[in-house]
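# would you be able to build a 3D model of this:
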Amino acid sequence: MPNLPSQADPSPPPSLTKWILVVDDEPSMRVLLQTVLRAHGWSVKIASGADEAMALLWGAGPPPSVAVCDVLMPKVDGLALVRRMVGRVPSLSIIFISGHLTDESWWPDDLRGHRFLGKPFDNAQLISAVADAMAGAGRPG
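Residues are numbered from 1 along each chain as shown. So this is what the prediction gives:
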């Protein structure tokens, strides 16, 4: 007789699992963001740049629901990376972060609709932005 999950099994099927991808070239920032987000109950994976981020995005399992992405990174910047990620997962909600930029007014039109947090931001701002993005996951922007 096959072992079927019970009706009371609280774990969602893998296809419904939501997780957050954090991409930042600064190790301390990656760890800080991961720690804060995990403390609020979210599943988080981290990447130091575009290659790692795309490997996680192409990996087995469901894609992330939300990506928190630094804008200024070596090799491939966050704007180019987000274009790649959204090309692969159009419903991916994006939160840009940057310690060098104050707003996204100079960004190309196709990226202006995404959320933006200027560093330094506090934990409450991050949690609020991620909660809003998670609530809107499945919708572009």
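# list the contacts for Ala67?
Listed by CB atoms under 8 Å, 6 or more residues apart in numbering, the contact set of Ala67 reads Ile20, Leu21, Val22, Val23, Ala53, Val82, Met85, Leu92, Ser93, Ile94, Ile95. Heads up, the C-betas are built off the backbone N, CA and C, glycines and all.
# and which of the residues you listed is nearest Met29?
Taking CB to CB as the measure, Met29 lies nearest Val22 of the contacts of Ala67, at 8.4 Å.
# doesn't the closest one lie inside a strand?
Yes - assigned with DSSP: H, G, I helix; E, B strand; the rest coil, Val22 falls within a strand.
# picking that back up, distance to Val31 and pLDDT added to the contacts of Ala67, as a markdown table?
Formatted as a markdown table, the contacts of Ala67 follow (distance: CB to CB, whole Å; pLDDT from 0 to 100):
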| residue | distance to Val31 | pLDDT |
| --- | --- | --- |
| Ile20 | 14 | 97 |
| Leu21 | 15 | 97 |
| Val22 | 9 | 98 |
| Val23 | 13 | 98 |
| Ala53 | 16 | 97 |
| Val82 | 22 | 96 |
| Met85 | 21 | 96 |
| Leu92 | 23 | 94 |
| Ser93 | 22 | 95 |
| Ile94 | 21 | 95 |
| Ile95 | 17 | 96 |
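# quick one: low-confidence parts of the chain?
The chain contains residues with pLDDT under 70 at 1-16, 60, 102-107, 137-141.
# show me where it has helices.
With DSSP state H as the criterion, the chain has helices at 27-39, 50-58, 78-88, 123-135.
# closest one to Arg112 among those?
Closest to Arg112 of the helices of the chain is helix 78-88 (CB to CB; 10.7 Å).
# pick out whichever of the contacts of Ala67 sits closest to Ala124.
Using CB to CB, Ile95 comes nearest to Ala124 of the contacts of Ala67, at 14.2 Å.
# how much space separates the closest one from Leu117?
Separation of Ile95 from Leu117 (CB to CB, to the nearest Å) stands at 6 Å.
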